[in-house]
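S.K.: Got a predicted model here, sequence first, then my questions.
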Amino acid sequence: MIGKTIGPFEVVEQIAKGSLGILYRAFDKRMRREVALRLFDEDITSHQEAAMQFAFEIELASKVSHPNICNILDVGTHGHQTFVVMELLNGMSLHDRLRKEKTSIDQALDWSRQLSEAVDAIHSEGIIHGFIYPRNVFITNDNQAKLLDIGLSGLQSGILDSILQSDAGEQHAGSEATTHAGLQGGLKQSLDLQSPEFLAYQAPELLDEHQHNEVSDVFSLGCVIYEIATGVRAFPGTSPDLVIDAIKTSRPLSPTRLVPFLPISLEQQLYEMLERDPKRRMQSASQILADLQRIRRDRTSISIKTGAHIPAATSNDWPWLFACVSLIVVLAYLIWGHEQQTIVVETSNAANSMEVVVPTVLPLTTDVGMELHAVISPHGNQFAYAWQGPN
């Protein structure tokens, strides 16, 4: 296929091979730009019901244009195969990014906001993603989060049941095997879809074979944001049974215990997103987005109020931070104590006297809340800190 032309697109190289087809890098001769072209297996759209659902969802998805979505540029047929053309992205998956480097609190909040905007955008068009997890999120080289595989939920659901039952084990090869197959049709047939990596982001009701909807997308998004913020999965497990049991029976570890100084309001939001009961769960991506924007404003207001910069600390930085703060407190204690009342004790020799310093400890602030990141000015006459508390 390399070097061949599909419509106006010249195939340059194969990027990946997955369960539903092959992803290529291609060159658009009309627009003079590189694109990503996914050529679907012929079997995928040879089933009438699958073809109709696929065409309907791709048409919907092609109308959604958003900076945090991998946008669809074109769709067509090549012989008996359907192809979809998307923007070509440079970077790596969120899965790989989280394992490559630490994520700051500010970066975690920013990626979470971007993904919430993306999910809100597709839900506004009546599109359910159905498979939000770190390998389906792409982080570009300029730190922009992109949600992938919009418009494939029909192929990810029960509509693939007849295909996967006949082709189980044959269609699930390559790095994208779990990226495009769905829970409903393929869960019982595909070993890939029974992997802990897939199951760890599925809402409890999906494990009981309910249909995907906006609220199940909220749960999956909550799992992703939890992992972005803490660096660990909300529902870890080394086997499918352990993961399923964790999702159905356990509550994720407190994010603020895993990452000190993580906003408590973010922890509260995550627990609302990860409610096992769909009726008690946060109901929409727009609500998630509004809460994240408020959390970010509150965090920014701390810096504005005090004039202190809030560092982008990560979970591995806290031991050093605590040591630095402890040292600052000791130094501040000594500086203030030196300026306090002194008592002169006369000795038998009137010419000699000894000064005994009696420090007086005074509170620096009466603000209700938490004072963070205390620092002393180079001259020792000013003290700055970040404050987090009620507005």
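M.R.: Happy to help now that I have it.
S.K.: distance of the closest residue to Arg30 other than its chain neighbours from Trp111?
M.R.: Leaving aside its chain neighbours, Arg30 sits nearest to Pro8 (4.9 Å; criterion: C-beta to C-beta, 6 or more residues apart in numbering). Every C-beta, even on glycine, is put in place using the N, C-alpha and C of the backbone. Relative to Trp111, Pro8 is positioned 34 Å away (C-beta to C-beta, to the nearest Å).
S.K.: Look at these two and report which has more neighbours.
M.R.: Trp111 (24 against 14; other C-beta atoms under 10 Å).
S.K.: Can you classify the more buried one by secondary structure?
M.R.: Secondary structure of Trp111, reduced to three states by DSSP: H, G, I helix; E, B strand; the rest coil: helix.
S.K.: neighbours around the nearest residue to it once chain neighbours are set aside, how many?
M.R.: Leaving aside its chain neighbours, Trp111 sits nearest to Ala145 (4.7 Å; criterion: C-beta to C-beta, 6+ apart). Ala145: 25 surrounding residues under other C-beta under 10 Å.
S.K.: So what sits opposite Ala145 in the bridge?
M.R.: Ile139 (DSSP bridges).
S.K.: before we move on, what about Asp74?
M.R.: Val85.
S.K.: Report the contact partners of it.
M.R.: Gly7, Val84, Val85 (C-beta atoms under 8 Å, 6 or more residues apart in numbering).
S.K.: same check, this time on Phe219
M.R.: Here Phe219 is in contact with Gln202, Ala203, Pro204, Met273, Leu274, Glu275, Pro278, Arg281 (C-beta under 8 Å, 6+ apart).
S.K.: Quickly note the distance from it to Ala246.
M.R.: Counting by C-beta to C-beta, the gap from Phe219 to Ala246 is 13 Å.
S.K.: and what of Tyr201?
M.R.: 12 Å.
S.K.: Quick check: neighbours shared by the two?
M.R.: Common neighbours of Tyr201 and Ala246 (C-beta under 8 Å, 6+ apart) do not exist.
S.K.: These two: which is more packed in?
M.R.: Tyr201 (26 against 19).
S.K.: still on that earlier bit, give me the phi and psi for the residue nearest to Arg30.
M.R.: phi -90, psi 10 (degrees, to the nearest 10).
S.K.: That one contacts Ala26, correct?
M.R.: No: here Pro8 does not reach Ala26: they are 9.4 Å apart, not a contact under C-beta atoms under 8 Å.
S.K.: show me the contacts for Leu152.
M.R.: Leu20, Phe54, Glu57, Gly130, Phe131, His180.
S.K.: which one of those sits closest to Pro260?
M.R.: Phe131 (32.6 Å; C-beta to C-beta).
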